[in-house]
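Asker: When you get a sec, could you give me coordinates for this:
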Amino acid sequence: MKALQGVEGRVEWGDRPSPSCDVGQVRIKVAAAGLNRADLLQRAGLYPPPPGASDILGLECAGVISEVGAGSPWRVGERVCTLLAGGGIAEEVVVDARHVLPVPEGLTLQEAAVLPEVYATAWLNLYQLAALKPGEKVLLHAGASGVGSAAIQLCKAFGNPCWVSVGSAERLAYCEALGAQGGVVRGEDLQSLRDFAPFDVILDPVGGNYAALNLELLARDGRWVNIGLMGGRKAELDLALLLGKRVQLLGSTLRTRDDQFKADLLGDLLQHVWPLFTEGRLSPRLERTFAVEDAEAAFAELAGNNVSGKLVLVIDPALS
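Answerer: Modelled structure (predicted):
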């Protein structure tokens, strides 16, 4: 089979051995794969896959089941999407059957390819770890990103008013159209987030240079979930403020979680989130598709930080 690898800061679509399909697994003929910032980091040599995971790029994809291992409830021919620790940007992928979800009714495979990673991330961090309650206020940094787009829609669906920080006025308008109450353009006046504070939960992929402001903006008993380090890995904090507000600072990653954790998380998504796609209350935010042969252009687009929503690499355009 052919697959996409990161090689010395570039990507290469080349031949790889086809994986075997064992007990409890399924083989998926891949139609399309979502592109994530983790893929950018792995291509640059900064985010290696967990031990035992494929070194092929891609944390999510969608396609059609072509083989079913013993003990799997799936059937050949079913349209599915899946969450992966790696291996999604390939002609086929073999995955734990528990990490597979049906394509929501009415969506194409290309649209479904952008769902697993961002909705799993948003649900895990907002509604499981931070334990958001109806009516609590949320701040989403990088609100127009794939995770931000999913988080805004979940907040709207579950009764949590949210605000965002974004990179441009156009992206702020995009977030407000999705359901955000408002927000700020980070290069203009990030400090104006004080006008909307205090927040009960902050979902933060930036870290470093946002840390002190996050602590200031949180309400008493607030939860600050850090999921990335785009703004650096070090910060100076006023721990007296953290103590006085009883703030919970939570570090969170998904890729390195064990198989059972991911199976439970996806089961939660299937029960609580997936029906909202059928009802039209959630939608994939697929901004643009690229043929897999144009992967370098797609990576450049994502690295430019101007994408609102998600990008997809199309592996097999005959599948829809």
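Asker: pLDDT weak spots in the stretch 51-200 of the chain?
Answerer: Along the stretch 51-200 of the chain, no part satisfies pLDDT under 70.
Asker: how about the helices in it?
Answerer: Per DSSP state H, counting those that start in this stretch, the stretch 51-200 of the chain carries helices over the ranges 109-112, 116-123, 146-157, 169-178, 186-189.
Asker: Which of those sits closest to residue 250?
Answerer: helix 116-123 (13.3 Å; Cβ to Cβ). Quick note: C-beta positions are derived from backbone N, CA and C, even for glycine.
Asker: quick one: contacts of the closest one?
Answerer: With contacts defined as Cβ atoms under 8 Å, 6 or more residues apart in numbering, helix 116-123 is touched by 34, 36, 59-60, 81-83, 101, 146-147, 149-151, 154, 203, 227, 254, 262, 265-266, 268-269, 272-273, 282, 310.
Asker: Look up how far residue 144 lies from residue 27.
Answerer: 35 Å (Cβ to Cβ, to the nearest Å).
Asker: of these two, who's got more company?
Answerer: Taking other Cβ atoms under 10 Å, residue 27 and residue 144 do not tie; residue 144 has more neighbours (29 against 21).
Asker: residues contacting that one?
Answerer: Counting by Cβ under 8 Å, 6+ apart, residue 144 has contacts 164, 166-167, 171-172, 174-175, 307-309.
Asker: do the same with residue 95
Answerer: 25-26, 28, 82, 84, 87.
Asker: If I follow the layout properly, residue 290 ends up in contact with residue 314?
Answerer: Yes. At 6.9 Å, residue 290 and residue 314 qualify as touching, with contact defined as Cβ atoms under 8 Å.
Asker: Name the surrounding residues that touch stretch 240-255.
Answerer: 38, 49-50, 53, 59, 85, 117, 120-121, 124-125, 129-130, 215-216, 218-227, 262, 265.
Asker: Then stretch 293-302?
Answerer: Under Cβ under 8 Å, 6+ apart, the answer for stretch 293-302 is 4, 10-11, 13, 35, 37, 39-40, 43, 89, 288, 290, 307, 311, 313.
Asker: Using PDB, write out the CA atom coordinates for stretch 256-272.
Answerer: The C-alpha coordinates for stretch 256-272 follow below in PDB (Å, rounded to 0.1, in the frame of the first residue of the first chain):
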ATOM      1  CA  THR A 256      -0.800   8.500  24.100                       C
ATOM      2  CA  ARG A 257      -3.900   7.200  26.000                       C
ATOM      3  CA  ASP A 258      -4.300   3.500  26.100                       C
ATOM      4  CA  ASP A 259      -6.700   1.500  23.900                       C
ATOM      5  CA  GLN A 260      -9.400   1.000  26.600                       C
ATOM      6  CA  PHE A 261      -9.400   4.700  27.500                       C
ATOM      7  CA  LYS A 262     -10.000   5.600  23.800                       C
ATOM      8  CA  ALA A 263     -12.600   2.900  23.400                       C
ATOM      9  CA  ASP A 264     -14.500   4.400  26.400                       C
ATOM     10  CA  LEU A 265     -14.200   7.900  25.100                       C
ATOM     11  CA  LEU A 266     -15.500   7.000  21.600                       C
ATOM     12  CA  GLY A 267     -18.400   5.100  23.200                       C
ATOM     13  CA  ASP A 268     -19.200   8.300  25.000                       C
ATOM     14  CA  LEU A 269     -19.100  10.200  21.700                       C
ATOM     15  CA  LEU A 270     -21.300   7.700  20.000                       C
ATOM     16  CA  GLN A 271     -23.900   8.100  22.800                       C
ATOM     17  CA  HIS A 272     -23.800  11.800  23.500                       C
END
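Asker: that older thread, in JSON lines: the contacts of residue 95, plus neighbour count and distance to residue 209.
Answerer: Below are those laid out as JSON lines (neighbours: other Cβ atoms under 10 Å; distance: Cβ to Cβ, whole Å):
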{"residue": "25", "neighbour count": "24", "distance to residue 209": "42"}
{"residue": "26", "neighbour count": "26", "distance to residue 209": "43"}
{"residue": "28", "neighbour count": "29", "distance to residue 209": "40"}
{"residue": "82", "neighbour count": "30", "distance to residue 209": "35"}
{"residue": "84", "neighbour count": "26", "distance to residue 209": "31"}
{"residue": "87", "neighbour count": "26", "distance to residue 209": "34"}
